[in-house]
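Engineer: Next input, structure requested:
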Amino acid sequence: MGLTFTDLFCGAGGSSTGLVAAGLELRLAANHWQRAVETHAANHRSADHLCADINNYDMRRLPHTDILWASPICTEISPAGGRRRTHGQLSLELGEYGPMENAGWERTRATAYDVIRATEVHR
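Structural biologist: Okay, the predicted model is just below:
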């Protein structure tokens, strides 16, 4: 049996697809956006799927897997969010776009808070 993984912030499934192609077994994929979860589920039918706000999720309910994959957020810190780059690609200045409309910015994947919470439970 190969390595298993959980994909937090799975989006439509790009990271999961790459990890499965590399021989890993996806057990659970989670995202807050229902359409992303539906798309992911269509491409990864053997995995369990969860549509939930990970910020408020009880991490003890996640399955125990060998690897916790938590992809970097794209919509708030990349051009995918409709923002223009003011620096080169290697520069990551989270405050360069000014205050976020979302009051939960400090708890996004950029801070890795939820990733840390998940790993504390699954040592």
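
Engineer: can we go C-alpha only for contacts and neighbour counts from here?
Structural biologist: Fine.

Engineer: what packs against the lowest-mean-pLDDT helix or strand in the chain?
Structural biologist: One helix or strand of the chain scores below all others by mean pLDDT, DSSP states H and E: helix 113-121, with a mean of 77. Judged by 3 or more CA pairs under 8 Å, 6 or more residues apart in numbering; DSSP states H and E, helix 113-121 is in contact with no other helix or strand.

Engineer: Only the buried residues of it, if you could.
Structural biologist: By neighbour count on 16 or more other CA atoms under 10 Å, the buried set for helix 113-121 is 114-115, 117-118.

Engineer: Can you name the next helix or strand after the longest strand seen in the chain?
Structural biologist: As assigned by DSSP state E, the longest strand anywhere in the chain is strand 25-31. Using DSSP states H and E, the next helix or strand after strand 25-31 towards the C-terminus is helix 34-43.

Engineer: Name the residues that touch that following helix?
Structural biologist: Helix 34-43 has contacts (CA atoms under 8 Å, 6 or more residues apart in numbering) with 10-13, 29-31, 47-51.

Engineer: Following element in sequence after it, please.
Structural biologist: Per DSSP H and E, the first helix or strand lying C-terminal to helix 34-43 is strand 48-51.

Engineer: got the CA coordinates for that following strand in CSV?
Structural biologist: C-alpha atoms of strand 48-51 as CSV (Å, rounded to 0.1, in the frame of the first residue of the first chain):
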residue,chain,number,x,y,z
ASP,A,48,-14.0,11.4,0.2
HIS,A,49,-14.9,15.1,-0.2
LEU,A,50,-15.7,17.8,2.2
CYS,A,51,-17.2,21.2,1.6
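
Engineer: got any ranges where this structure has weak pLDDT?
Structural biologist: Counting by pLDDT under 70, the chain shows low-confidence ranges at 1, 72-112, 123.

Engineer: So residue 22 versus residue 116, what's the distance?
Structural biologist: Distance, residue 22 to residue 116, by CA to CA, to the nearest Å: 25 Å.

Engineer: scratch that, residue 70 is what I was asking about
Structural biologist: Distance from residue 70 to residue 116, counting by CA to CA: 10 Å.
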